[in-house]
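Colleague: Let me see the structure of the following:
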Amino acid sequence: MREKVFKLLELQIAPTVDKNTGRPGMELWKILVMGVLRLDLNCDYDRLQELVNQHSTIRKILGHPEGFDNHQYPLQTIKDNVSLLTPELLSDLNTVIIDAGHDLVQEKKDDGLSGRCDSFVFETDVHYPTDINLLFDAMRKVIENISGLSDRHGLSDWRQFKYNIRHIKRLMRIAQNKKRVTAKSEAKKEKIQKEVISAHQTYVDTAQKYLNNARNTVKILESSCKLSLSDAAIIKSIADFGVHADRQIDQIVRRVIMGASIPHNEKVFSVFEPHTEWVSKGKAGVPVEFGIRVCILEDQHHFILHHRIMQNETDDQVAIPMIQHTKKLFPSLHSCSFDKGFHSKNNQEMLSKELNVVALPRKGKLSNKSKAIEDSKNFIEAHKKHSAVESAINALEVHGLDRCLDYGIDGYKRYVALAVVTRNLHRIGDILKQKEEKRIARIKARHSKNIILENAA
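Modeller: Here you go, the predicted structure:
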């Protein structure tokens, strides 16, 4: 397994770079260890840096002899190297790891695999979104970026940027507090509504003024200064956050001042993680979650065979792709269980062609044919075992997939893929530990039996 893993790492991490010449970088083994360690402990990069620099056992795993190697890993070096692990590479590594795990648990290769498929919401690291606090987030970044750029080129236009941010925030708080005021009489309700509209109008007018000033400053800098690549990146960031600010100003005006409702597909729930979705799964005590659905398929040996990031997708849309992709990786998959959210007429027909047993409950009143299928022995057995997939979901959440600490959709996908690899490695470790405990128990039992026989003799 190690040889296959190393070969994949060499082929896919910086494939155009000669690993034998030039300045030495971080070894591929160390990159994988750090990535797995971070997710397995569900820690951030700061704790990971402390562990790889100070923890003696972890340093041995990384290849540093105790007491003879004082090499230290800078924080940015760790971040840059762990981010080289792509979702595609991790998917290939996962297949190698699962094959090795199956060799440990499967006595017969032709037994086949039975799976259970379910989805959960992996949350992004965002605050609760409202249109006015999203506008403040966008304006704060615009003002911070334009002030830094102006200071770098000697302009004094934004020397009071901290006051400007506090000014915007104060107006946001006023608008928030006006919305919280309640009244019973119609006259007071009408008065409060006028105050709410006035507070929001002042807020968006001030935000628009600062936004226009920032754009004018960018034009001045572009026309009178020689800008570097880093300056161009800052200007792009200002433009991107400016787009978010324009959208939120438009939505506040339409919703509060004009009284219109905003269609769901026009809403963005974070200016920093725009891929975040509003997900309502109907869980008790959890009315809404902010993130993206992730679908996983686990086999009877508790290995996660495949996962899928369900960006703008629902359960019934991913059932067939999940099975088809998993069967390409593991052709011995012959049965799978689902919950009712994955049901559709097309899914029932297509999955029955892919699998021998499809434990996918139908919605509504059952026909005689459907009832006979769901009363069959294979269906009942598969459906009884389906709830075990919740254990896999809980294990993923404990080992990293409670909240994404990486930025952007690419970081999100890498985080999920690395968590799946980590979980499967954790499962192999658990199997080896159980085998070792059974071996020790057998030795102790044999030793006790010999003592009894010697005493009897």
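Colleague: Please count neighbours and contacts with C-alpha atoms only from this point.
Modeller: Noted.
Colleague: Can you name the next helix or strand after the helix or strand bottoming out on mean pLDDT in the chain?
Modeller: Lowest by mean pLDDT, DSSP states H and E among the helices and strands of the chain is helix 2-12, with a mean of 82. Reading on from helix 2-12 to the C-terminus, the next helix or strand found by DSSP states H and E is helix 28-40.
Colleague: Dump the C-alpha coordinates for that following helix into PDB.
Modeller: Extracted in PDB, the C-alpha atoms of helix 28-40 (Å, rounded to 0.1, in the frame of the first residue of the first chain):
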ATOM      1  CA  LEU A  28       5.600  14.100   0.000                       C
ATOM      2  CA  TRP A  29       5.200  11.700   2.900                       C
ATOM      3  CA  LYS A  30       5.300  14.600   5.300                       C
ATOM      4  CA  ILE A  31       2.600  16.500   3.400                       C
ATOM      5  CA  LEU A  32       0.300  13.500   3.600                       C
ATOM      6  CA  VAL A  33       1.000  13.000   7.300                       C
ATOM      7  CA  MET A  34       0.300  16.600   8.100                       C
ATOM      8  CA  GLY A  35      -2.900  16.600   6.100                       C
ATOM      9  CA  VAL A  36      -4.200  13.500   7.700                       C
ATOM     10  CA  LEU A  37      -3.200  14.600  11.200                       C
ATOM     11  CA  ARG A  38      -5.000  17.900  10.800                       C
ATOM     12  CA  LEU A  39      -8.300  16.300  10.000                       C
ATOM     13  CA  ASP A  40      -8.000  13.400  12.400                       C
END
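Colleague: Helix or strand next in line after that helix, which one?
Modeller: helix 45-54.
Colleague: Quick one: list the elements packing against that next one.
Modeller: helix 28-40, helix 56-62, helix 75-82 (3 or more C-alpha pairs under 8 Å, 6 or more residues apart in numbering; DSSP states H and E).
Colleague: Packing partners of the second one?
Modeller: When you say that, I think you mean helix 56-62. Packed next to helix 56-62, using 3+ C-alpha pairs under 8 Å, 6+ apart, are helix 28-40, helix 45-54.
Colleague: Using JSON lines, please lay out the helices and strands packed on helix 45-54 together with mean pLDDT and distance to residue 309.
Modeller: Shown next, in JSON lines, are the helices and strands packed on helix 45-54 (pLDDT from 0 to 100; distance: least, C-alpha to C-alpha, whole Å):
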{"stretch": "helix 28-40", "mean pLDDT": "90", "distance to residue 309": "18"}
{"stretch": "helix 56-62", "mean pLDDT": "91", "distance to residue 309": "31"}
{"stretch": "helix 75-82", "mean pLDDT": "92", "distance to residue 309": "20"}
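Colleague: got those helices as TSV, with distance to residue 237 and mean neighbour count columns?
Modeller: Listed next are the helices and strands packed on helix 45-54 as TSV, based on distance: least, C-alpha to C-alpha, whole Å; neighbours: other C-alpha atoms under 10 Å:
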stretch	distance to residue 237	mean neighbour count
helix 28-40	29	20
helix 56-62	37	15
helix 75-82	21	16
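Colleague: between those helices, which one is nearest to residue 423?
Modeller: helix 28-40 (7.5 Å; C-alpha to C-alpha).
Colleague: Quick one: residues in contact with the helix or strand encompassing residue 236.
Modeller: Applying DSSP H and E as the criterion places residue 236 in helix 229-252. Defining contact as C-alpha atoms under 8 Å, 6 or more residues apart in numbering, one finds that helix 229-252 is touched by 131-132, 134-135, 138-139, 141-142, 145-146, 149, 200, 204, 208, 211, 218, 262, 271.
Colleague: residue ranges of the helices in the stretch 351-457 of the chain, please?
Modeller: Assigned by DSSP state H, counting those that start in this stretch, the helices in the stretch 351-457 of the chain fall at 368-374, 377-384, 389-398, 408-456.
Colleague: Compile the ones you listed into a markdown table and extend it with columns for distance to residue 60 and mean pLDDT.
Modeller: Listed next are the helices of the stretch 351-457 of the chain as a markdown table, based on distance: least, C-alpha to C-alpha, whole Å; pLDDT from 0 to 100:
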| stretch | distance to residue 60 | mean pLDDT |
| --- | --- | --- |
| helix 368-374 | 54 | 86 |
| helix 377-384 | 44 | 88 |
| helix 389-398 | 26 | 92 |
| helix 408-456 | 18 | 91 |
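Colleague: For these, give me CSV that also has mean neighbour count.
Modeller: Output for those, formatted as CSV (neighbours: other C-alpha atoms under 10 Å):
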stretch, mean neighbour count
helix 368-374, 13
helix 377-384, 16
helix 389-398, 18
helix 408-456, 16
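Colleague: Break the protein down into its structural domains.
Modeller: For the chain, automatic domain parsing gives the domain ranges 2-82, 87-125+275-433, 131-266.
Colleague: Now tell me which of these the model trusts least on average.
Modeller: Among the domains of the chain, domain 2-82 has the lowest mean pLDDT, at a mean of 85.
Colleague: just how off-centre is that domain within its chain?
Modeller: 22 Å (C-alpha atoms, centre = their mean, to the nearest Å).
Colleague: what does stretch 101-121 give?
Modeller: 24 Å.
Colleague: Flag every buried residue along that stretch.
Modeller: Buried residues in stretch 101-121, defined by neighbour count with 16 or more other C-alpha atoms under 10 Å: 101-102, 113-121.
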